[in-house]
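# Curious how this folds, go ahead:
(one chain, ligands or ions: 1)
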Amino acid sequence: MRKTLFDRLDNIWWERRMGISTRGIVPTDHPDSVHYGTMAYRTIHGILDHLDLRSSDVFVDVGSGKGRVLCCAARRSVRRVVGVELSAELCRQARENADQLRGRRAPITVENILADKYNYADTTVLFLFDPFGAATLRSALERIAEDTRGRDLRITYANPTHDEVFQEQPWLDGGERLSRDRTGWEHDVTFYQGRR
Ligand SMILES: C[S@@+](CC[C@H](N)C(=O)[O-])C[C@H]1O[C@@H](n2cnc3c(N)ncnc32)[C@H](O)[C@@H]1O
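Numbering: from 1, shown residues only. Here you go, the predicted model:
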């Protein structure tokens, strides 16, 4: 999706304001994975407002790249923010961004690990910006279900190319899809909750 001129300028303004550097595209050669690319700040802020985060929340970005979403979430009052990312180099850049971030309210950690190997036990909010294909999504959701079953869990799926995989999951409710025509965000976003 092409960014508008407003978003390009707004992104530069936010990067300077926050003291971080997260722009650009980084290819991946890992099977079933989507390359690094990020969303307009305007869209990220809109999604985080919609989530109505709480001080007890542990926010996890699955496929966290250079850490733009991590840094935006850590400027909110949450317990902690975690990035899960397969690329060691992107993890290094995300940690550097986390160290330089201005206006931080919550700690950030970045884990160099595949999405279906991370332990999600204390996660309460999961964020995915279309990080991988259906097969990996299915296996990551299996892991997430085992780790979080019966507990408070909200999932945000931006640019939801594999909503059908979420809809197969008997342990998830919701599926409210906000279209970008309605929100003005850069992408459609679908919201799910773990069944308690
Ligand atoms: C579209 S980018 C999203 C980046 C970030 N969430 C953001 O919105 O700024 C997808 C990211 O997922 C990572 N990724 C892809 N497959 C993965 C996997 N199986 N486990 C962990 N990370 C993965 C990619 O390396 C890439 O950084």
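# helix, strand or coil for E15?
Using DSSP: H, G, I helix; E, B strand; the rest coil as the criterion, the local structure at E15 reads helix.
# can you pull the contacts of it?
E15 makes contact with S21, T22, R23 under the criterion Cβ atoms under 8 Å, 6 or more residues apart in numbering. No exception for glycine: its C-beta is placed from N, CA and C like everyone else's.
# nearest to T4, of those residues?
R23 (15.0 Å; Cβ to Cβ).
# Quick check: closest non-adjacent residue to the residue of the chain found nearest the ligand.
Nearest to the ligand in the chain, going by Cβ to the nearest ligand atom, is G63, at a distance of 2.3 Å. Leaving aside its chain neighbours, G63 sits nearest to P131 (2.8 Å; criterion: Cβ to Cβ, 6 or more residues apart in numbering).
# Who are the contact partners of C91?
The contact partners of C91, by Cβ under 8 Å, 6+ apart, come to S64, G83, E85, V110, E111, N112.
# burial count for the third one?
Residue neighbour count, defined by other Cβ atoms under 10 Å, stands at 28 for E85.
# What residues does this structure have near the ligand?
The chain comes close to the ligand at residues 28, 30, 33-34, 36-39, 61, 63-65, 68-69, 84-87, 90, 114-115, 129-132, 136, as judged by Cβ under 6 Å from any ligand atom.
# before we move on, the earlier item: from memory the residue of the chain closest to the ligand sits against L114, does it?
No - G63 lies out of contact with L114 (Cβ atoms under 8 Å); the separation is 10.0 Å.
# Between the two, which contacts overlap?
Residues within reach of G63 and of L114 at once, by Cβ under 8 Å, 6+ apart, are L86.
# More neighbours: which of the two?
Between G63 and L114, counted using other Cβ under 10 Å, the more crowded position is G63 (25 against 18).
# Roughly how far does that one sit from C91?
11 Å (Cβ to Cβ, to the nearest Å).
# who touches both of the two?
Residues touching both G63 and C91 comprise E85, with contact defined as Cβ under 8 Å, 6+ apart.
# The residue nearest to G63 contacts A115, doesn't it?
Yes - using Cβ under 8 Å, P131 is in contact with A115, at 6.9 Å.
# what about those two, which has more around it?
Neighbours per residue (other Cβ under 10 Å) separate P131 from A115, with P131 holding more: 27 against 23.
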